[in-house]
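Participant: How does the following fold in three dimensions:
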Amino acid sequence: MNLKRLLLILLSIITYVAAYPDGFVYSKYTVLDGLNDNHVQHILQLSDGRMAFTTLGNINLYDGYRFQTIHFNGKDIDRYTLSNYKGAYRVYESKDHLLWVKNFKQVWCADLKTNQYVSHLEAYFRNEGVRGSVIDLFVDSSLQIWLLTSRGLWNGQFGQMLKISGHWGQLQDVEFHKGKVFLFFSTGLVAAYDAKSGRLQYTSDAFGPQERSLYTETSMITKGSDGRIYQLRGNGWTHTVCLVFDPTTRRWQQLLKVPYLLHTMFVTQEGKIYISCAKGLWVIDQQQHSYVLKEHLKIDDGTTESAVSNTIYQDSEGGIWIGTYNHGLLYTHTLRNRMHSAPHLSDLGVTYAFPEKSDIKYYQASRITDTLVDSRGWKWIGTTDGVHLETPGKPVKRFYMEDGLASDFIHGITEDSNHHIWLSTSRGITQIRIPEFIFSSYSWADGALKGEYSDGKAATLPDGRIIMGGLNGWTLFHPDSLLMPEISLRPALVGLSVNGEPEEHVTFLQEKELDYQHNSLSFVFSAQNYAQPERTSYRYRLLNANDTTWKVVTPNNRQGILSNNGILSLSFVHLSPGDYTLQVMASLDADAWQGEMREFHFVIHHPWWSTTWAYLLYVVLICGFIVGCFALYRHQIKMRHNEEILLLKIKNLIEQVGQYERQTDMTESELKEEPKLSPSDNEFLTRAIKLVEENIDQPYTVEQLSRDLCMERTGLYKKLTLLMDTSPVIFIRNIRLRKAAEMLLQGEKSISEIAVATGFGSSSYFSKCFQKAYGCKPSEYTNKTNEEIS
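Facilitator: Coordinates of the predicted model:
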């Protein structure tokens, strides 16, 4: 080891500075915010954007909206024995959204799609292609799972078993980079394999023979943006070293060596290293060769917190999460506290003399607090009720909170070097971008004062910085430092209710089918904007038919559906049946939408009576009904015509029979003068009529009539058809109806009695037959006959 490296390590050990790291101010999350307990062991950001915090007894999942807990002590946990792992909590996420937790010879797994533990891990390992026992498990930064067995290291994706030498020590970490797999062993050796072929490419030792046994117990690795792999190696609580391995040069470099335990670390895009430990927070700037140990951290409530921490992590947005031993979580981001506030102006390193305040004046019944004539000649008038703009030759414009002001009570006005207007209010600071008149507000989360500002205490310094005075301090900032970087937000579905009933496990839910009665849906979205949730803007649209209009919700126009912490709540009530797709996007800039789109597709089915098949059935039934009605109408017309002809024939027959009876005394010669029927036919008809009349009150049938006439039924049918063009059934029924008509005219019996007396089974059947024969109901027959006679 050369002298320069020794000096750097010595300098890093003795550099204890109590200043706050990079001016960061942290927010706290504790059990009061939903964390299950304050002992944070491990931090991991999941592939869906959520944060996973391992505490002493649980896994806490945070989506920017709420904490959800997966308990370690659940009865359904399948704890699989890993005989080779002797370390503390390690948490991994694999590609199939499985969360793996290792802790001293055990591993268990939770399915993040359901927040339920996976059972039968042995069967899962067999399905991955492993034969025999798994003695350790690893997941690399590309979310590939690696299973260590007595035969070697297995990866199901590549289908390769990597052979491991027993002289290399115990395998402690695995990483994947550019087609190569890097295995880190307890001796400090790294072995590089080709992932596809499984062949060993090379090995490289971090230590010489004398140092190999000094750092064998613990290992933690992380991959930098440049592909270099950083490692913390320790020997219990006594010694830890920070190393970096460069796969390009195949060389190791020692960055830090301390006589105590270093826990975890992360590396920024710029190569700055943050390391958590029992002494505080190490910050190593490799470019500046700076080694600083921070002992205290500044909290956003104005207090300080010990920098002693158990774990540290940087999320995909650049936010820093620190897990403490027993004080919960700390979080900060470079987007936060870009304004600097202090009790005294001198604390900010600035001196400035504001002019004396003039007499109190009023503008349209509101007290004037400050005025400004900007570089365009526009006059800005700040009042206790909004800001007023007087532009030469144009009407006065007035701006209020609904336009985007942080508060209607204006205290100070100034113009920056870009000719934008800045206002201090009773609740933060507002920028008005000219000429677009776009409003942006900044609160205490950005570093502004929590209390009110003072009237007339706003000015732009020669170097472009802006100073604003308040009742309890001063705020200093440069407008250029507040420019928003391009951060892609991924809105997550964190809540779904159908008809007021909440659905479970909706994070990965992509679609849903509902019946027509479940047509009121409520959605809750989180942009997972941990840095500045209050600045989150959303746009959404519900696609159905030709509706493609985006609706935009911003912090300046929340519309009652955007909360102060950046949560979007959407409700769609009494939706018509149909096919819907809800699309949601989130952004820090309402004019730029570059992040991912969250889509949720749902179908509300039609009720069975309004489906396509139902309408087809309706058409068939209607057509059938129309055809049936037409056929019935034709049948009735035909029957009515046949019955009229039959009645006419019967009437003629009856007249003939009557005439025959009245002329029985006539001579045979006289009868022969005008023969109507042959004597045998007359005798046949007379006998048939007499038989029917004799049995008129009985259910006298065609078979009985044919038997009494000593004829076959077919012969009777032919005989009556030949003589009267009618069937025996109609012949019998017409005689019954004629008798019934006579009895109706007599008026001595009721209709039901007449129906029985004439052999009809029921009054309704009698009425039906009578109406067909005489064209009226039995009850109307007497009156109708009398009218015809009169």
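Participant: Any buried residues in stretch 474-494, and which?
Facilitator: By 16 or more other CB atoms under 10 Å, the buried positions in stretch 474-494 come out as 474-479, 482, 487, 489-494. Backbone N, C-alpha and C define where each C-beta goes, glycine included.
Participant: err, stretch 258-265, not the other one
Facilitator: For stretch 258-265, by 16+ other CB under 10 Å, it's 258, 261-265.
Participant: ranges for the helices of this structure?
Facilitator: Along the chain, counting by DSSP state H, helices occupy 3-14, 121-127, 612-662, 668-671, 679-694, 702-708, 713-724, 728-746, 751-757, 763-774, 778-789.
Participant: how much space between Thr149 and Lys95?
Facilitator: Taking CB to CB, to the nearest Å as the measure, Thr149 falls 20 Å from Lys95.
Participant: more crowded one of those two?
Facilitator: More neighbours surround Thr149 than the other of Thr149 and Lys95, with 17 against 12 (other CB atoms under 10 Å).
Participant: still on that earlier bit, and the buried residues of stretch 474-494, which two are the farthest apart?
Facilitator: Trp474 and Leu493 (43.0 Å; CB to CB).
Participant: all strands for the stretch 101-250 of the chain, in order.
Facilitator: Assigned by DSSP state E, counting those that start in this stretch, the strands in the stretch 101-250 of the chain fall at 106-111, 116-117, 136-139, 145-149, 152-155, 160-162, 171-177, 180-185, 189-194, 200-205, 218-223, 229-234, 240-246.
Participant: ok, back up a step: what's the most buried one of the helices of the chain?
Facilitator: helix 728-746 (a mean of 19; mean count of other CB atoms under 10 Å).
Participant: closest to His39 among the buried residues of stretch 258-265?
Facilitator: His263 (13.3 Å).
Participant: got a list of what the closest one touches?
Facilitator: Residues near His263 by CB atoms under 8 Å, 6 or more residues apart in numbering: 220, 232, 275-278, 309-312.
Participant: In strands, which of the residues you listed fall?
Facilitator: In this view, these that belong to strands under DSSP state E are 220, 232, 275-277, 311-312.
Participant: Name the nearest residue to Ser219, ignoring sequence neighbours.
Facilitator: Gln172 (3.8 Å; CB to CB, 6 or more residues apart in numbering).
Participant: That neighbour contacts Phe184, correct?
Facilitator: Yes. Using CB atoms under 8 Å, Gln172 makes contact with Phe184 at a distance of 5.5 Å.
Participant: what's the domain layout of this protein?
Facilitator: With domains defined by automatic domain parsing, the chain comprises 349-482, 492-610, 613-789.
Participant: pLDDT (mean, whole number) over the shortest one?
Facilitator: Here domain 492-610 scores 92 as its mean pLDDT.
Participant: Just the terminal-to-terminal distance for it.
Facilitator: The straight-line separation of the ends of domain 492-610 (CA to CA, to the nearest Å) is 35 Å.
Participant: Now find how far off-centre that domain is within its chain.
Facilitator: Here domain 492-610 shows a centroid-to-chain-centroid distance of 7 Å under the convention CA atoms, centre = their mean, to the nearest Å.
Participant: now do stretch 740-751
Facilitator: Counting by CA atoms, centre = their mean, stretch 740-751 comes out at 80 Å from the chain centroid.
Participant: still on that earlier bit, quick one: contacts for the residue nearest to Ser219?
Facilitator: By CB under 8 Å, 6+ apart, the contact set of Gln172 is 87, 184-186, 218-219.
Participant: for Asp385, same thing?
Facilitator: By CB under 8 Å, 6+ apart, the contact list for Asp385 reads 366, 400, 408-409.
Participant: List just the nearest of these to Ala195.
Facilitator: For the contacts of Asp385, the nearest to Ala195 is Tyr400 (61.4 Å; CB to CB).
Participant: The closest one - nearest residue in space that isn't next to it in sequence?
Facilitator: In this structure, Tyr400 finds its nearest non-sequential neighbour in Gly386, 4.5 Å apart by CB to CB, 6+ apart.
Participant: Assess the claim that the one you found and Gly404 are in contact.
Facilitator: No. Counting by CB under 8 Å, Gly386 stays clear of Gly404, with 11.3 Å between them.
Participant: hmm, back to that, generate JSON lines for the strands of the stretch 101-250 of the chain, with distance to Ser576 and mean pLDDT as supplementary columns.
Facilitator: What follows is those, written out as JSON lines (distance: least, CB to CB, whole Å; pLDDT from 0 to 100):
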{"stretch": "strand 106-111", "distance to Ser576": "36", "mean pLDDT": "93"}
{"stretch": "strand 116-117", "distance to Ser576": "36", "mean pLDDT": "88"}
{"stretch": "strand 136-139", "distance to Ser576": "46", "mean pLDDT": "97"}
{"stretch": "strand 145-149", "distance to Ser576": "46", "mean pLDDT": "96"}
{"stretch": "strand 152-155", "distance to Ser576": "51", "mean pLDDT": "95"}
{"stretch": "strand 160-162", "distance to Ser576": "55", "mean pLDDT": "93"}
{"stretch": "strand 171-177", "distance to Ser576": "50", "mean pLDDT": "96"}
{"stretch": "strand 180-185", "distance to Ser576": "55", "mean pLDDT": "97"}
{"stretch": "strand 189-194", "distance to Ser576": "58", "mean pLDDT": "97"}
{"stretch": "strand 200-205", "distance to Ser576": "63", "mean pLDDT": "97"}
{"stretch": "strand 218-223", "distance to Ser576": "51", "mean pLDDT": "93"}
{"stretch": "strand 229-234", "distance to Ser576": "57", "mean pLDDT": "95"}
{"stretch": "strand 240-246", "distance to Ser576": "61", "mean pLDDT": "96"}
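Participant: Quick one: closest of the ones you listed to Glu317.
Facilitator: Here strand 218-223 is closest among the strands of the stretch 101-250 of the chain (CB to CB), at 17.1 Å.
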